[in-house]
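Asker: Model the following, please.
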Amino acid sequence: MRIVFLGSPEFALPALEALHAAHEIVLVVTQPKRPCGRGQRCLPTPVECRALELGLPVITPTAVRTEGFAARLRALEADYLVVVAYGRILPAAVLGAARNGALNIHPSLLPRWRGPAPVPWTLYHGEETTGVTIMQMNEEMDAGDLVRQVRVSVSPDESADRLLCRLAVLGAEALAGVLAEEARTGALLPRLPQDAAQATRAPLITTDLALIDWRRPATEVAAHVRAFDSRPGAFAFCGENRIKFFNPCVLPAAAPAGTVLGLTPAGLVVACGEDAVVAGELQWPGGRRMPAAQVLAGHPLPDKTVLRGRE
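Answerer: Residues are numbered from 1 along each chain as shown. Here you go, the predicted structure:
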């Protein structure tokens with residue numbers, strides 16, 4: 001099949017690789033260079049870098065809601081647009097620029113967790129099952145017809161980054177299967193409308209949301225920490241220092257919520273409303289994410305220090 005691929009972050013790379021191996025990618029569309037990191041250097045997206053390595057044509061338009069952009073895509077006479085975390089809302093004229101419209105990989109079991117941050121919200125709510133959806137796109141965000149869904153279990157210690165990487169591979173495999181089956185049969189697979197009454201929302205994650213509420217049970221605090229790994233990073237305050245917490249586990253304990261209970265081989269122990277969380281890694285302001293023992297060697301937190309979280 002002839003494919004126009006639209007994507008930007010690392011999540012899109014497994015799909016790009018899978019499509020390149022089995023189909024003709026006639027164009028890759030990705031976001032323009034943007035300032036990144038502490039140095040704020042303008043860098044290309046991971047998709048642009050990999051597409052150029054594969055010898056694929058790449059464009060980085062600043063405007064995608066124009067007739068000129070839609071006409072450029074129509075002229076390619078593609079069978080499908082494939083959209084994987086492109087990062088822009090596309091109008092009907094663009095979504096209809098390929099013969100069979102646009103397919104999307106979404107890392108949730110739609111209609112659950114519609115929106116830009118399904119994986120963090122899956123973990124934040126302690127869900128034990130998630131998956132990927134291949135969807136026929138329409139103009140409404142994540143509301144298109146379902147083409148295929150694959151369900152997987154969430155590991156108890158899985159962070160947002162690890163789960164997103166796993167779903168990226170799973171989504172690429174599911175998409176490849178859909179296109180292979182349609183190419184073999186010469187017919188589109190059935191499309192199933194979503195039940196909008198069952199929809200839940202996964203809005204953008206803000207820094208404020210990542211502030212830890214130590215009053216919650218340790219199992220919920222651990223889920224919170226895993227959900228916001230690595231961006232923006234779950235955090236609490238020691239005085240004016242905003243400390244980020246990563247790689248949590250749960251330990252039986254009883255003390256006032258937010259109280260530092262010491263350092264163990266597994267990490268820093270902090271009391272919660274029920275039991276305690278052990279943070280295996282920490283990040284001090286201006287520093288790097290490192291094992292808790294290394295961070296605390298330079299920034300000690302005495303036992304019985306009370307960390308300030310959500311109030």
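Asker: rest of the way, CA atoms for contacts and neighbours
Answerer: OK.
Asker: Show me how the chain divides into domains.
Answerer: 2-198, 208-298 (automatic domain parsing).
Asker: out of those domains, nearest to residue 306?
Answerer: With Cα to Cα, the closest approach to residue 306 among the domains of the chain belongs to domain 208-298: 4.4 Å.
Asker: May I have the distance across the closest one, first residue to last?
Answerer: Separation of the first and last residues of domain 208-298 by Cα to Cα, to the nearest Å is 27 Å.
Asker: and if you look at stretch 146-166?
Answerer: Per Cα to Cα, stretch 146-166 runs 21 Å from first to last residue.
Asker: Can you give me the pLDDT of the closest residue to residue 138 other than its chain neighbours?
Answerer: The shortest distance from residue 138 to any non-neighbouring residue, by Cα to Cα, 6 or more residues apart in numbering, is to residue 144 (5.2 Å). As summarised for this prediction, residue 144 has a pLDDT of 98.
Asker: give me the low-pLDDT residue ranges for this structure?
Answerer: Along the chain, the parts satisfying pLDDT under 70 run over 37-40.
Asker: Residue 250: how many residues sit nearby?
Answerer: Residue 250: 21 surrounding residues under other Cα atoms under 10 Å.
Asker: quick one: secondary structure of it?
Answerer: Classification of residue 250 using DSSP: H, G, I helix; E, B strand; the rest coil returns strand.
Asker: cool, and the one 5 residues further on?
Answerer: Using three-state DSSP as the criterion, the local structure at residue 255 reads coil.
Asker: wait, it sits on residue 271?
Answerer: Yes. Using Cα atoms under 8 Å, residue 255 is in contact with residue 271, at 5.7 Å.
Asker: buried stuff in stretch 180-195?
Answerer: For stretch 180-195, burial by neighbour count (16 or more other Cα atoms under 10 Å) applies to residue 194.
Asker: From the opening residue of that stretch to its closing one, how far?
Answerer: This stretch, stretch 180-195, spans 27 Å end to end (Cα to Cα).
Asker: and that stretch, how far from the chain's centre?
Answerer: 26 Å (Cα atoms, centre = their mean, to the nearest Å).
Asker: Check stretch 188-204 too.
Answerer: Per Cα atoms, centre = their mean, the centroid offset for stretch 188-204 relative to its chain is 18 Å.
Asker: Contacts for that stretch next, please.
Answerer: Identification of contacts with stretch 188-204 by Cα atoms under 8 Å, 6 or more residues apart in numbering yields 110-118, 121, 136, 143-147, 178, 181-182.
Asker: just the buried members of the residues you listed?
Answerer: Neighbour-count burial within the contacts of stretch 188-204 applies to 110-118, 121, 136, 143-147, 178; the criterion is 16+ other Cα under 10 Å.
Asker: Sort out which of the residues you listed are in helices and list them.
Answerer: Judged by DSSP state H, helices contain the following of these: 118, 121, 178.
Asker: Report the separation between the closest residue to residue 206 other than its chain neighbours and residue 261.
Answerer: The shortest distance from residue 206 to any non-neighbouring residue, by Cα to Cα, 6+ apart, is to residue 232 (7.5 Å). From residue 232 over to residue 261 the distance is 25 Å, taken as Cα to Cα.
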